[in-house]
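Engineer: got a predicted model here, sequence first, then my questions.
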Amino acid sequence: APRAMADMLDGIVMAEQRFHSEGYQEGYAEGSHAGIAEGRRYGSLHGARIGSEIGCYLGFALTWQCLLQKCTDEKSSKKIKALDSLIGMIKKFPYEDPTYDKMQEDLEKIRGKFKQVCSILNIQSDFRIGTERSSLTF
């Protein structure tokens, strides 16, 4: 009888360990799946915001480049050079590579160049990104 009792207790302990292990594996798999979905959502939203912000800068720069293209004075030449530099930075930005490790750094440089261009053009810039839309106001 004591042997049967010991076997039964072993069975209970083993079952508990097995259920614990299965539960852990299921929970881990579910958590991983949820984490990937959450990461994808965050990545899409963040990517869209960056794209929208940079798109505004590019539209702004190309418009001013167009407005100034017929100007030949020295002041305009300085403005055009700054705009060309901003456009160049934007065109080099690696949109297709989400693993690019200097993305934040390059984005800050583009923001800085945009502010410099606004200063040269004598424009007050107030660029804000909302969750719903981006707005560029002057």
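Structural biologist: Here it is on my side, so go on.
Engineer: in stretch 32-50, what counts as buried?
Structural biologist: By 16 or more other Cβ atoms under 10 Å, the buried positions in stretch 32-50 come out as Ile50. Placement of C-beta: from N, CA and C, glycine included.
Engineer: what's the answer for stretch 70-89, then?
Structural biologist: So for stretch 70-89, counting by 16+ other Cβ under 10 Å, buried means 79-80, 82-83, 86-87, 89.
Engineer: which one of these sits closest to Glu16?
Structural biologist: Closest approach between the buried residues of stretch 70-89 and Glu16, by Cβ to Cβ: Met89, at 60.8 Å.
Engineer: coming back round to it: any idea which of the buried residues of stretch 70-89 is closest to Pro2?
Structural biologist: For the buried residues of stretch 70-89, the nearest to Pro2 is Met89 (80.7 Å; Cβ to Cβ).
Engineer: wasn't the closest one part of a helix?
Structural biologist: Yes - judged by DSSP: H, G, I helix; E, B strand; the rest coil, Met89 forms part of a helix.
Engineer: how many residues are close by the spatially closest residue to it that is not a sequence neighbour?
Structural biologist: In this structure, Met89 finds its nearest non-sequential neighbour in Ile110, 5.2 Å apart by Cβ to Cβ, 6 or more residues apart in numbering. By the criterion of other Cβ atoms under 10 Å, Ile110 has 20 neighbours.
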